[in-house]
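>>> Quick one, fold the following:
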Amino acid sequence: DFLLLVRAAHSIPSLTSLSLSGSLWAVPTDPSYFSSLISNLTCLQSLDLSNTRLSPHEISTLSSFLATDSSSSLQSLNLGDNSLTDSLVSTLLSSINHRTQQSNHNSLSSLFLYGNEISLDSLQQLSPILKSGNNLTVLFLQNTSLNSKTLASLVRSLFPNSTVQRLHLDDNDLHHHNDRQSSLENIDLIQKKRETEWGS
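Numbers count the residues shown, from 1 in each chain. Down below sits the predicted model:
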């Protein structure tokens with residue numbers, strides 16, 4: 001029951017990890033319930049909302065949370081397999097950017113966006129997160145409709161950044177030979193950059 005979940009969150013304000021993966025709850029008539037749940041999780045370090053069919057309203061609520069200091073402890077955010085449109089992904093990433101610019105720091109170390117739509121628009125919002133002072137080491141972008149053009153944009157964003165250690169790009173639209181070749185060349189550029197910077 002969603003109301004029980006909200007009450008539990010309010011009774012445990014020190015909660016640091018919450019996983020609702022696969023929880024396809026019936027959205028309450030009053031949309032403030034989801035807002036009440038999220039806004040009270042000010043100590044949260046890990047939030048897993050994968051495969052929960054988040055609605056545009058819930059994305060808006062989550063975006064507001066990510067844009068404020070209430071999410072300053074958040075280290076892992078999993079929004080995978082929600083079939084979010086590129087516009088909704090951009091909204092979420094824009095909120096993370098806003099807080100990063102305000103605090104000059106990004107606490108996120110793991111970001112899971114697999115199973116959503118990502119195009120050049122959302123990559124433009126992701127780019128500052130990769131470039132600015134941050135702790136991001138894990139980035140999952142499987143099955144996000146990336147192609148050689150969007151992958152090239154992603155690689156350019158990764159060049160100023162040496163913190164990403166795990167980058168998952170499986171199951172994307174690299175079905176043409178030229179796309180596969182371009183992708184391999186881009187991945188090779190990342191490897192050469194790391195060898196140059198780390199002397200390995």
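>>> what residue lies at the spatial centre of the chain?
Against the mean C-alpha coordinate of the chain, by Cα atoms, centre = their mean, the closest residue is Leu111 at 4.1 Å.
>>> phi, psi of that residue?
Main-chain torsions, Leu111, degrees, to the nearest 10: phi -130, psi 120.
>>> Would you mind measuring from it to Gln75?
Computed as Cβ to Cβ, to the nearest Å, the Leu111 to Gln75 distance reads 10 Å. For glycine as for every other residue, the C-beta is placed from the backbone atoms N, C-alpha and C.
>>> between those two, what contacts are shared?
Counting by Cβ atoms under 8 Å, 6 or more residues apart in numbering, Leu111 and Gln75 have no contacts in common.
>>> give me the number of residues near Ser83?
With neighbours defined by other Cβ atoms under 10 Å, the count for Ser83 comes to 12.
>>> Check the one 3 residues further on too.
Residues within reach of Asp86, counting by other Cβ under 10 Å, total 18.
>>> need the contact list for it.
Glu117, Ile118, Ser119, Asp121, Ser122.
>>> wait, the residue nearest to the centre of the chain sits on Leu141?
No - contact between Leu111 and Leu141 fails when scored by Cβ atoms under 8 Å: they sit 9.0 Å apart.
>>> buried sites along stretch 36-44?
Ser36, Leu37, Ile38, Ser39, Asn40, Leu41, Thr42, Leu44 (16 or more other Cβ atoms under 10 Å).
>>> so where do the helices sit in the chain?
Ranges of helices within the chain are 2-11, 32-39, 56-66, 86-103, 120-131, 148-158, 177-198, based on DSSP state H.
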